[in-house]
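Undergrad: Only the shape, not the letters, is given here:
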DNA sequence: ACAAAATGATACCAATATGGTATCTTTTAC
DNA sequence: GTAAAAGATACCATATTGGTATCATTTTGT
Ligand code: FES
Ligand code: FES
């Protein structure tokens, strides 16, 4: 059971690196060196971060990426959502085969609580916190 | 992000089924029917549950599986451990590339807290609770 | 103008994990 | 002895993950 996949991990690394560089425009090549992430992979990651509005990109010579907002506004949970999909701990185990009382199911309610807690905790983790 | 894999899911189903049957000895064939799980797969699952001491098996005609202990002593977290490995949310993201201050890292401490909470919550879920 | 340096878009690939099947051996009840 | 069960294990198909390659497009310095 891992919470954070490679993509998310690398995204965090790159984003905090950019933040450390004072949000100066940073090329993939530099970031790849600074974060020890394979260049083409990092590129793909930054491209999706761009599409999702986490960073802004500029093309052409001297181009690269900057954070689209303050590092304190980029939440870990958002990155997890982007690269790993929504956090869903509360999926019904029995698909109505056994536990029909979905409304009153202990498991489901516990999972719901867990999930809520988890998400709120993850929301308190931002890139700013990590640098 | 899924918390519970198919194996664990099926294990829970089978175990609660056995529990419902009053912990009477139950064959894979019957359980497969009752839980709508593919028979050979369920068999594999029950075999590992047996190895791990969650159920006891008896071979030969009329054989099958029974719970090795009370349904209130079989914890969801244990099943997750068996089929999906230990819950480890707190893996260091930067493998010392960026965040060297492992001891004081915000991320790590938050993850630790989350993990603890999660495990303790999961410990409160037993097969008994689910039937 | 033009070449270099950058991203955009996409297609591809390898390794691993997941979900499931098949087969053969061993044990036991009848 | 035979049928019904589990034990052991090898195998397979599909999806996901992690990563590469390629070509097109944009920008800038000269
Ligand atoms: S396990 Fe499905 S609602 Fe309870
Ligand atoms: S991210 Fe590694 S200890 Fe903080």
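TA: Noted; the coordinates are in hand. Not measured: the values here are computed from a predicted model. Ligands and ions are numbered 1, 2, ... in the order given.

Undergrad: Could you confirm whether the lowest-mean-pLDDT helix or strand in chain A reaches ligand 1?
TA: Across the helices and strands of chain A, mean pLDDT, DSSP states H and E gives its lowest value to helix A:106-123, namely a mean of 85. Yes. Using Cβ under 6 Å from any ligand atom, helix A:106-123 reaches ligand 1 at A:107-108. The C-beta positions use only the backbone N, C-alpha and C, and glycine is treated the same way.

Undergrad: For the following helix or strand past that helix, buried residues please.
TA: Heading C-terminal from helix A:106-123, the first helix or strand you meet, by DSSP states H and E, is helix A:127-130. Neighbour-count burial for helix A:127-130 flags A:127, A:129-130 (criterion: 16 or more other Cβ atoms under 10 Å in any protein chain shown).

Undergrad: Same check on stretch A:59-77?
TA: Buried, per 16+ other Cβ under 10 Å, within stretch A:59-77: A:64-68, A:71, A:74-77.

Undergrad: before we move on, what about stretch A:10-26?
TA: So, applying 16+ other Cβ under 10 Å, buried residues of stretch A:10-26: A:10-20, A:23, A:26.

Undergrad: so the residue positioned nearest the centre of chain A is in which element?
TA: The structure's chain A has its C-alpha centroid closest to residue A:79; by Cα atoms, centre = their mean the separation is 1.3 Å. In the assignment (DSSP H and E), residue A:79 maps to helix A:76-84.

Undergrad: now the end-to-end length of stretch A:114-130.
TA: 24 Å (Cα to Cα, to the nearest Å).

Undergrad: Contacts for it, please.
TA: A:12, A:15-16, A:19, A:67, A:70-77, A:80, A:87-90, B:99, B:106-107, B:110, B:113-114, B:117-118, B:121-122 (Cβ atoms under 8 Å, 6 or more residues apart in numbering or on different chains).

Undergrad: what do you get for stretch A:55-68?
TA: By Cβ under 8 Å, 6+ apart, the list of residues contacting stretch A:55-68 reads A:14-15, A:18-19, A:23-28, A:30-31, A:46-47, A:49-50, A:53-54, A:74, A:127.

Undergrad: if I look at the residue of chain A found nearest ligand 1, how far off is residue B:41?
TA: Here chain A gets closest to ligand 1 at one residue, residue A:105, 2.8 Å apart by Cβ to the nearest ligand atom. Taking Cβ to Cβ, to the nearest Å as the measure, residue A:105 falls 24 Å from residue B:41.

Undergrad: who's more crowded, those two?
TA: Legend: neighbour count by other Cβ atoms under 10 Å in any protein chain shown for residue A:105 and residue B:41, higher for residue A:105 (19 against 14).

Undergrad: If I look at that one, what pLDDT would I see?
TA: Looking at residue A:105, its pLDDT reads 74.
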